[in-house]
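> I would like the atomic coordinates for the input below:
(2 chains)
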Amino acid sequence: MVLQSLYFSALLLATLSGVPGLAGSARGGRVASWMLTGSALCALGLAGSVLYGGLAWQAELRWALPGAHFLFRGDPIGTFILVPATLVPAILSFYAEGYWSDGAHADTAPGLRLFFGVSVGCMILLTAAANAVLFLFGWEIMAILAFLMVTTSDQDAAVREAGWIYLVASHTGALMLFAGFALLALGTGTGFDLGPMRPGFASTSAGTAAFLLLLGGFLLKAGVGPLHVWLPGAHAAAPSHVSALLSGLMLKMGILGILRIIAWTPDPPLWWAGLLTGLGAASGIMSMAFALGQKDLKRLLAYSSIENVSVIALGLGLALAGKSLGLPALVLLGGAGALFHLLNHALLKPLLFMGAGSVMHATGTRDLERLGGLARAMPRTAFLFLAGAFGICALPPLNGFAGEWLIYLGAFRAIQPQGWVWAVVTLASLAVIGALTVACFTRAYGIVFLGEPRRELGGPAHESPRSMTGTMAVLAGICLFIGLFPAALGRALQAAAGDLGPGLPPLGGLAGLGALTLVAVIGIPVGLAAWQAIRKSPSSRSITWDCGYAAPTARIQYTASSFSRMLTDAFRWLLLPIERVPRIQGLFPRETRFQSQAPDTLLDRGMNPAASFVASVLSWLRFLQAGHLPIYLLYVVLTLVALFAWTLQ
Amino acid sequence: MTPNLLLAAIMLINFMLVASSRVSKCIQLAALQGGLLALVLLLMHDHWPFHVLLMAFSTAAIKGVVIPAMLNRAQDRMKPQREPEPYVGYTLTLVMAAAGTGLAFILARRLPLQAGNLGTLFVPASIMALFTGFLLLTTRKRALLQVVGYLVLENGVYLFSLLLVKQMPLLVETGVLLDLVVGIFVMGIVINHIQTAFDSQDTHRLAHLKD
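The predicted structure is shown next:
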């Protein structure tokens, strides 16, 4: 009973966290933050018992809907995801008190807080929902709340458009899930209660259709390319703490679904793993190419989110391959790597989005071409953003390294004899993605925080309030702790990955997570010593190479576009950038301008034309909507007569 | 005693409703039909326990008195105006009602019914009232006439449910009456809004509202 009470306390505290603030009290934000903190503490208690104590719980209530009942099951996978899904929103809520304060946004802040809390409640519901109808309820409410949060600044046309694209995408995904769960019910034999399929079902045509539909629905939510089209716009349009919630956690609900599919399938066909790996590899490389072409800091971070869920998909592909081939070590390394990376990204991406929010708060823009040299004005934000960038590039001593390391280990194990040769794709794409990520975040950090301030910004930038940088520091601290002591998560990962397949070997024997601590213990003092040495060496401040100009300006610095020019040129065939290149003629050419944009190729050249085509085909159906009540009633009569005729024939 | 005679009267009232062009007359006819329904209920039972009496009384009160009175009041408060021409002329609607009656009899014969109900006019009368209600709803432009159509449609459903009254008495009845009252309320509100928005109760103008 204790576990059930913990779970439902977490659920209620999070769901209701926005309610006290509706009354218009000035302390609403603080109350919501503490309620979310309470929810996170309950979730931590639950995680301690389920992941480290090996306990399990279940709760069941009647529900009048056919096929539905309230069935909650606290399995290790769900509990593992529950922890970041409550902890990070609590931190984000403290951040939002400064970032989206009631004072500055009196008209939207209380509503936004309510949606934020309820959507966290939905995620808590999803982690334990063991009935398809219950799951879909939570899924839909979460999607609609995300729409409401994304369109907070709805006076902006771009925000509205991003919101609509998100809504269409998430409903497409939800429809696929409806069909997928209906087909899945054929395989589980327990109605709409979710659980393992019977052996052999996965290879039938119904099983294949169920897998493809569920995978499509979940990948659409997770934002793995080519189903990512809604993601960059929505992340850029939303307030930063909402972007952090979307990217860090809501995408992970899609991953949770795929983890569940793996756990439910006793004998997945090998091509499932191939499909997931292929999608992950293509989407990871593609998203990084797009990230390098972005000039909007938040869009860049959004593409980086696609990259990270792609890496998770690569890990899941390994786990699936291990399950089909009967290699428990592969299931463990792939699954634990995916889960670890999921946790890492859930912590790091909010940190980066909070950094971006802090930059926007200070400068009023997120356009990389206008930002520059902020490290001097905003040292704390700059340092914390750097920490996040380190982590997301999977560099030790931050936490990003350990997760990818597990996936690498799994891939190396898979290409050994009697393994799975296609893991070569995993390895190669992980390497390419890693390199591109480093390039991308070097660019992001370098352009925003280093160099000289660019002139166009009105007025000097200022450091964000302590409530914002302080919460970022808390998150960075958690990241550092996990990076230094990844072995602390060993048992939790073992327990959660244990859901994916039977008879997994112990994680400690396959991947010495403790060794990472050892590396850090040696590496950190060496790094600090080197840093001290660099700082003590004499340094002078001077201009860089200035092309021989007598009066150089800050505008001749490397821009975001020129920095990544070489790499984006290599991906020209994919990015299809829209460029206006001026022709320079004569000895004394006149003033001219160069413009370049990298819109989302898939959205602009694939989905949008396809959608307009479908809309034009379907527009002839509009004659049905005449607007006259009698005609609508006539439809009712005709239906009635048709039903009579059908039943009596 | 079989209520067939009354049922036949109800069917005749349907024809008169379809043929009549005056709103006040239509309201009167609908009230009469409601009253007859209460009588049908009484005639179905040999002895009258309390719940049957209550049901008959509430049916007569609501369908025969309260709702017609409300409709009359609404009619009085409307500004006098030219009657909008219906979408389909009166003669043609009458023909359609006759065709509907024939169809109702055919349907009633083919429905799988209990043996006791086969000889009565219950099923044809109820299906015909349904058709008539729909006919009024689809062919008339005046909002008040559409409410009358809704009322007649509900009378058809009510008649059908009377067949079940012995098996599950009060449940069905409260359901039907509640449904009716809610429906009338909604229509009343809609009429009120049409009146204030368009200064007329010609529902044809509602077509402006579509996107």
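> For the residue lying closest to residue B:111 once chain neighbours are set aside, give its distance to residue B:164.
The shortest distance from residue B:111 to any residue that is not its chain neighbour, by Cβ to Cβ, 6 or more residues apart in numbering or on different chains, is 6.3 Å, and that residue is residue B:123. Using the backbone N, CA and C atoms, a C-beta is placed for each residue, glycine as well. With the distance defined as Cβ to Cβ, to the nearest Å, residue B:123 ends up 12 Å from residue B:164.
> of these two, who's got more company?
Between residue B:123 and residue B:164, counted using other Cβ atoms under 10 Å in any protein chain shown, residue B:123 has the larger neighbour count: 21 against 12.
> For residue A:637, see how far away the more buried one is.
18 Å.
> leaving aside the residues next to it on the chain, what's closest to the residue sitting nearest the centre point of chain B?
When Cα atoms, centre = their mean is applied to chain B, the residue found nearest the centroid is residue B:152 (1.0 Å). Computed as Cβ to Cβ, 6+ apart, the closest residue to residue B:152 that is not its neighbour in sequence is residue B:133, at 4.0 Å.
> Is whichever residue of the stretch 501-649 of chain A sits closest to chain B in a helix, a strand, or coil?
Closest approach between the stretch 501-649 of chain A and chain B, counting by Cβ to the nearest Cβ: residue A:627, at 3.3 Å. Assigned by DSSP: H, G, I helix; E, B strand; the rest coil, the conformation of residue A:627 is coil.
> Share the number of residues neighbouring it, please.
One way to gauge burial is a neighbour count; for residue A:627, by other Cβ under 10 Å, it gives 14.
> Residue A:75 too?
The local packing of residue A:75 (other Cβ under 10 Å) involves 20 other residues.
> Not counting sequence-adjacent ones, nearest residue to it?
Once its chain neighbours are removed from consideration, residue A:75 has its nearest residue in residue A:499; the separation is 5.6 Å (Cβ to Cβ, 6+ apart).
> do the same with residue A:11
In this structure, residue A:11 finds its nearest non-sequential neighbour in residue A:124, 4.8 Å apart by Cβ to Cβ, 6+ apart.
> for residue A:231, same thing?
In this structure, residue A:231 finds its nearest non-sequential neighbour in residue A:223, 4.1 Å apart by Cβ to Cβ, 6+ apart.
> which residues sit in contact with that neighbour?
For residue A:223, the set of contacting residues under the criterion of Cβ atoms under 8 Å, 6 or more residues apart in numbering or on different chains consists of A:230, A:231, A:251, A:254, A:305, A:306, A:309.
> could you dump those to JSON lines with neighbour count and secondary structure?
Formatted as JSON lines, the contacts of residue A:223 follow (neighbours: other Cβ atoms under 10 Å in any protein chain shown; DSSP: H, G, I helix; E, B strand; the rest coil):
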{"residue": "A:230", "neighbour count": "26", "secondary structure": "coil"}
{"residue": "A:231", "neighbour count": "31", "secondary structure": "helix"}
{"residue": "A:251", "neighbour count": "27", "secondary structure": "helix"}
{"residue": "A:254", "neighbour count": "24", "secondary structure": "helix"}
{"residue": "A:305", "neighbour count": "27", "secondary structure": "helix"}
{"residue": "A:306", "neighbour count": "26", "secondary structure": "helix"}
{"residue": "A:309", "neighbour count": "32", "secondary structure": "helix"}
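> coming back round to it: CA atoms only for the helix or strand hosting the residue nearest to the centre of chain B, dumped as CSV, please.
Taking DSSP states H and E as the definition, residue B:152 sits inside helix B:143-162. Taking Å, rounded to 0.1, in the frame of the first residue of the first chain, the C-alpha atoms of helix B:143-162 are listed here in CSV:
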residue,chain,number,x,y,z
ALA,B,143,-37.5,27.4,-35.6
LEU,B,144,-40.7,26.9,-33.7
LEU,B,145,-42.0,24.4,-36.2
GLN,B,146,-38.7,22.6,-35.9
VAL,B,147,-39.3,22.3,-32.2
VAL,B,148,-42.7,20.8,-32.9
GLY,B,149,-41.0,18.4,-35.2
TYR,B,150,-38.6,17.4,-32.5
LEU,B,151,-41.6,16.9,-30.1
VAL,B,152,-43.3,14.6,-32.6
LEU,B,153,-40.1,12.7,-33.1
GLU,B,154,-39.8,12.2,-29.4
ASN,B,155,-43.4,11.0,-29.3
GLY,B,156,-42.5,8.3,-31.7
VAL,B,157,-39.6,7.2,-29.5
TYR,B,158,-41.9,7.3,-26.5
LEU,B,159,-44.5,5.1,-28.2
PHE,B,160,-41.8,2.6,-29.0
SER,B,161,-40.6,2.6,-25.5
LEU,B,162,-44.1,1.9,-24.2
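> State the distance from residue A:607 to residue A:276.
Per Cβ to Cβ, residue A:607 is found 22 Å from residue A:276.
> I'm done for today, thanks for sticking with me.
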